[in-house]
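Peer 1: coords please:
(chains A and B)
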2 protein chains.
Amino acid sequence: MTRKYQARIYVTLRPSVLDPAGTAVQSGLQHMGYDNVEQVRIGKYVELTLTAADETAARQQLDRVCDQLLANPVIENYRFELTESATLNSGVTA
Amino acid sequence: MTRKYQARIYVTLRPSVLDPAGTAVQSGLQHMGYDNVEQVRIGKYVELTLTAADETAARQQLDRVCDQLLANPVIENYRFELTESATLNSGVTA
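Peer 2: Okay, the predicted model is just below:
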(Lines give C-alpha, C1' and ligand atoms only; values in the text may rest on other atoms or scores of the structure.)
Protein backbone atom coordinates (compact mmCIF):
# COMPACT_ATOMS: atom_id res chain seq x y z
CA MET A 1 0.00 0.00 0.00
CA THR A 2 1.33 3.38 -0.95
CA ARG A 3 0.40 6.58 0.73
CA LYS A 4 0.29 9.97 -0.88
CA TYR A 5 1.66 12.98 0.95
CA GLN A 6 1.48 16.69 0.36
CA ALA A 7 4.70 18.43 1.40
CA ARG A 8 5.28 22.10 2.10
CA ILE A 9 8.94 22.96 2.19
CA TYR A 10 10.40 26.23 3.46
CA VAL A 11 13.96 27.09 2.50
CA THR A 12 15.47 30.06 4.29
CA LEU A 13 18.90 31.64 4.38
CA ARG A 14 20.85 30.91 7.55
CA PRO A 15 20.65 33.86 9.94
CA SER A 16 24.37 34.60 9.51
CA VAL A 17 24.05 34.93 5.72
CA LEU A 18 23.36 38.32 4.18
CA ASP A 19 20.14 38.61 2.18
CA PRO A 20 20.49 41.30 -0.52
CA ALA A 21 17.02 40.57 -1.93
CA GLY A 22 15.48 41.04 1.50
CA THR A 23 17.38 44.27 1.97
CA ALA A 24 16.14 45.49 -1.43
CA VAL A 25 12.53 44.68 -0.52
CA GLN A 26 12.89 46.44 2.83
CA SER A 27 14.37 49.48 1.11
CA GLY A 28 11.52 49.45 -1.43
CA LEU A 29 8.96 49.30 1.35
CA GLN A 30 10.56 52.23 3.10
CA HIS A 31 10.44 54.26 -0.09
CA MET A 32 6.74 53.42 -0.28
CA GLY A 33 6.26 54.82 3.20
CA TYR A 34 6.25 51.57 5.16
CA ASP A 35 9.07 52.46 7.48
CA ASN A 36 7.75 50.26 10.28
CA VAL A 37 8.90 47.09 8.50
CA GLU A 38 12.18 45.43 9.46
CA GLN A 39 14.18 42.25 9.15
CA VAL A 40 12.89 41.24 5.74
CA ARG A 41 14.26 37.83 4.73
CA ILE A 42 13.30 36.11 1.52
CA GLY A 43 13.24 32.37 1.08
CA LYS A 44 11.70 29.73 -1.11
CA TYR A 45 8.44 27.90 -0.60
CA VAL A 46 8.01 24.61 -2.42
CA GLU A 47 4.87 22.49 -2.60
CA LEU A 48 4.96 18.96 -3.95
CA THR A 49 3.22 15.65 -3.62
CA LEU A 50 5.02 12.36 -3.23
CA THR A 51 4.11 8.76 -2.66
CA ALA A 52 5.79 6.67 0.00
CA ALA A 53 5.20 3.56 2.07
CA ASP A 54 4.81 5.55 5.27
CA GLU A 55 5.52 8.93 6.78
CA THR A 56 9.01 7.97 7.94
CA ALA A 57 10.01 7.01 4.40
CA ALA A 58 8.51 10.21 3.05
CA ARG A 59 10.43 12.32 5.58
CA GLN A 60 13.69 10.55 4.80
CA GLN A 61 13.23 11.12 1.09
CA LEU A 62 12.34 14.77 1.60
CA ASP A 63 15.50 15.25 3.66
CA ARG A 64 17.55 13.88 0.77
CA VAL A 65 15.65 15.97 -1.79
CA CYS A 66 16.21 19.14 0.23
CA ASP A 67 19.88 18.42 0.88
CA GLN A 68 20.62 17.51 -2.72
CA LEU A 69 18.48 19.86 -4.76
CA LEU A 70 16.14 22.30 -3.05
CA ALA A 71 18.46 23.85 -0.47
CA ASN A 72 22.14 24.67 -0.33
CA PRO A 73 23.04 23.36 3.14
CA VAL A 74 26.06 25.66 3.36
CA ILE A 75 23.97 28.83 3.41
CA GLU A 76 20.36 27.67 3.78
CA ASN A 77 18.15 25.92 6.30
CA TYR A 78 15.00 24.06 5.43
CA ARG A 79 12.01 22.66 7.20
CA PHE A 80 8.93 20.94 5.88
CA GLU A 81 5.42 19.91 6.81
CA LEU A 82 3.83 16.70 5.60
CA THR A 83 0.14 15.94 5.34
CA GLU A 84 -1.25 12.69 4.11
CA SER A 85 -3.59 13.53 1.28
CA ALA A 86 -4.88 10.12 0.23
CA THR A 87 -4.17 6.43 0.47
CA LEU A 88 -3.55 4.65 -2.79
CA ASN A 89 -4.13 0.94 -3.02
CA SER A 90 -1.80 -0.60 -5.52
CA GLY A 91 -1.09 -4.23 -6.02
CA VAL A 92 2.59 -3.62 -6.67
CA THR A 93 3.86 -2.45 -3.31
CA ALA A 94 3.07 -4.42 -0.20
CA MET B 1 1.33 51.55 22.57
CA THR B 2 2.82 49.82 19.59
CA ARG B 3 2.88 46.11 19.10
CA LYS B 4 5.50 44.18 17.23
CA TYR B 5 4.49 41.38 14.90
CA GLN B 6 6.38 38.67 13.10
CA ALA B 7 4.85 37.92 9.70
CA ARG B 8 5.35 34.87 7.52
CA ILE B 9 4.14 35.46 3.99
CA TYR B 10 3.65 32.77 1.37
CA VAL B 11 3.39 33.83 -2.26
CA THR B 12 2.33 31.12 -4.68
CA LEU B 13 1.47 31.04 -8.36
CA ARG B 14 -2.23 30.75 -9.07
CA PRO B 15 -3.13 27.15 -9.93
CA SER B 16 -3.97 28.10 -13.52
CA VAL B 17 -0.51 29.61 -14.11
CA LEU B 18 2.27 27.43 -15.51
CA ASP B 19 5.33 27.04 -13.28
CA PRO B 20 8.45 26.40 -15.41
CA ALA B 21 10.74 26.45 -12.36
CA GLY B 22 8.61 23.83 -10.65
CA THR B 23 8.62 21.71 -13.79
CA ALA B 24 12.42 21.97 -13.95
CA VAL B 25 12.78 20.88 -10.33
CA GLN B 26 10.42 17.95 -10.89
CA SER B 27 12.39 16.93 -13.97
CA GLY B 28 15.64 17.19 -12.01
CA LEU B 29 14.23 15.03 -9.24
CA GLN B 30 13.15 12.42 -11.73
CA HIS B 31 16.65 12.35 -13.23
CA MET B 32 17.96 11.78 -9.71
CA GLY B 33 15.68 8.78 -9.36
CA TYR B 34 12.88 10.38 -7.38
CA ASP B 35 10.10 9.53 -9.80
CA ASN B 36 7.46 9.41 -7.07
CA VAL B 37 7.39 13.21 -6.79
CA GLU B 38 4.70 15.21 -8.58
CA GLN B 39 3.06 18.60 -8.76
CA VAL B 40 6.09 20.63 -7.78
CA ARG B 41 5.22 24.31 -7.44
CA ILE B 42 7.70 26.93 -6.35
CA GLY B 43 6.76 30.08 -4.51
CA LYS B 44 8.27 32.72 -2.30
CA TYR B 45 8.47 32.75 1.46
CA VAL B 46 9.02 36.11 3.14
CA GLU B 47 9.64 36.76 6.81
CA LEU B 48 9.49 40.25 8.24
CA THR B 49 8.71 42.11 11.41
CA LEU B 50 6.50 45.14 11.61
CA THR B 51 5.10 47.40 14.27
CA ALA B 52 1.43 48.33 14.37
CA ALA B 53 -1.18 49.55 16.77
CA ASP B 54 -3.05 46.25 16.71
CA GLU B 55 -3.41 43.08 14.71
CA THR B 56 -6.10 44.52 12.43
CA ALA B 57 -3.84 47.38 11.43
CA ALA B 58 -0.95 44.98 10.85
CA ARG B 59 -3.10 42.75 8.63
CA GLN B 60 -4.34 45.69 6.61
CA GLN B 61 -0.82 46.93 6.03
CA LEU B 62 0.39 43.46 5.06
CA ASP B 63 -2.41 43.18 2.52
CA ARG B 64 -1.26 46.42 0.94
CA VAL B 65 2.40 45.37 1.03
CA CYS B 66 1.60 42.06 -0.64
CA ASP B 67 -0.64 43.61 -3.29
CA GLN B 68 1.80 46.38 -4.12
CA LEU B 69 5.21 44.77 -3.85
CA LEU B 70 5.54 41.14 -2.76
CA ALA B 71 2.99 39.46 -5.02
CA ASN B 72 1.72 40.05 -8.52
CA PRO B 73 -2.05 39.68 -8.01
CA VAL B 74 -2.59 38.83 -11.67
CA ILE B 75 -0.69 35.55 -11.44
CA GLU B 76 -0.01 35.01 -7.74
CA ASN B 77 -1.89 34.36 -4.54
CA TYR B 78 -0.58 35.14 -1.11
CA ARG B 79 -1.41 34.31 2.47
CA PHE B 80 0.31 35.23 5.69
CA GLU B 81 0.51 34.33 9.35
CA LEU B 82 1.03 36.89 12.06
CA THR B 83 2.42 36.30 15.53
CA GLU B 84 2.84 39.01 18.09
CA SER B 85 6.46 38.93 19.14
CA ALA B 86 6.62 41.68 21.75
CA THR B 87 4.83 44.72 23.01
CA LEU B 88 6.71 47.99 22.80
CA ASN B 89 5.80 50.81 25.07
CA SER B 90 6.48 54.11 23.43
CA GLY B 91 5.36 57.49 24.56
CA VAL B 92 4.64 58.66 21.02
CA THR B 93 1.71 56.50 19.95
CA ALA B 94 -1.33 56.21 22.16
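
Peer 1: Surely residue A:29 is within a helix?
Peer 2: Yes - checked against DSSP: H, G, I helix; E, B strand; the rest coil, residue A:29 lies within a helix.

Peer 1: For the closest residue to it other than its chain neighbours, name its beta-bridge partners.
Peer 2: Closest residue to residue A:29 apart from its sequence neighbours, by Cβ to Cβ, 6 or more residues apart in numbering or on different chains: residue A:37 at 4.9 Å. Just so you know, the C-beta spots here come from the backbone N, C-alpha and C atoms, and that holds for glycine as well. Beta bridges link residue A:37 to residue B:50, judged by DSSP bridges.

Peer 1: Quick check: residues of chain A near chain B?
Peer 2: Counting by Cβ under 8 Å from any Cβ of the partner chain, chain A comes close to chain B at A:10-12, A:22, A:25-26, A:28-29, A:32, A:34, A:36-52, A:61, A:65, A:68-70.

Peer 1: redo that, cut-off 6 Å
Peer 2: Listed as neighbours of chain B in chain A under the rule Cβ under 6 Å from any Cβ of the partner chain: A:10, A:28, A:36-43, A:45-51, A:69.

Peer 1: one step back: look at the residue nearest to residue A:29 and report its pLDDT.
Peer 2: Per-residue confidence at residue A:37 stands at 96 (pLDDT).

Peer 1: Is residue A:33 in a helix, a strand, or coil?
Peer 2: Three-state secondary structure (criterion: three-state DSSP) places residue A:33 in coil.

Peer 1: for residue A:80, that is, sorry about that
Peer 2: Secondary structure state of residue A:80, per three-state DSSP, is strand.

Peer 1: ok but residue A:68 is inside a helix, no?
Peer 2: Yes - Residue A:68: assigned to a helix according to three-state DSSP.

Peer 1: Can you give me the neighbour number for the nearest residue to it once chain neighbours are set aside?
Peer 2: Leaving out its chain neighbours, the residue that sits closest to residue A:68 by Cβ to Cβ, 6+ apart is residue B:32, at 6.7 Å. Other residues lying near residue B:32 total 13 when counted by other Cβ atoms under 10 Å in any protein chain shown.
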